[in-house]
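Novice: take this sequence and fold it.
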Amino acid sequence: MGNQISKSMFVLQYINETYLIAWAMLCVGLFGHNSNCP
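Specialist: Residues are numbered from 1 along each chain as shown. Next up, the predicted model:
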């Protein structure tokens, strides 16, 4: 059970990091700077 939990946490962390990178790239691509980014 512990292995299952740590595995899902790893997946969530991976998705979160990928989302943040994609969001940052989208902001830079659309606006040219980060003024509209949180």
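
Novice: what's the local residue count around Cys27?
Specialist: For Cys27, the neighbour count with other CB atoms under 10 Å is 16. No exception for glycine: its C-beta is placed from N, CA and C like everyone else's.

Novice: distance from the chain centre to the helix or strand hosting Cys27, please.
Specialist: In this assignment (DSSP states H and E), Cys27 forms part of helix 2-31. The chain centroid and the centroid of helix 2-31 are separated by 3 Å, computed with CA atoms, centre = their mean, to the nearest Å.

Novice: pLDDT wise, what is Leu26 at?
Specialist: For Leu26, the model assigns a pLDDT of 81.

Novice: actually, Gly29.
Specialist: On the pLDDT scale, Gly29 gets 72.

Novice: can you give me the distance of it to Ile15?
Specialist: For Gly29, the distance to Ile15 equals 21 Å [CB to CB, to the nearest Å].

Novice: cool, Val28 as well?
Specialist: Remark: distance between Val28 and Ile15 (CB to CB) = 21 Å.

Novice: next one: Asn3
Specialist: 19 Å.

Novice: which of these two has more neighbours?
Specialist: More crowded of Asn3 and Ile15, by other CB under 10 Å: Ile15, with 10 against 7.

Novice: OK, contacts around the more buried one?
Specialist: If a contact means CB atoms under 8 Å, 6 or more residues apart in numbering, then Ile15 has no contacts.
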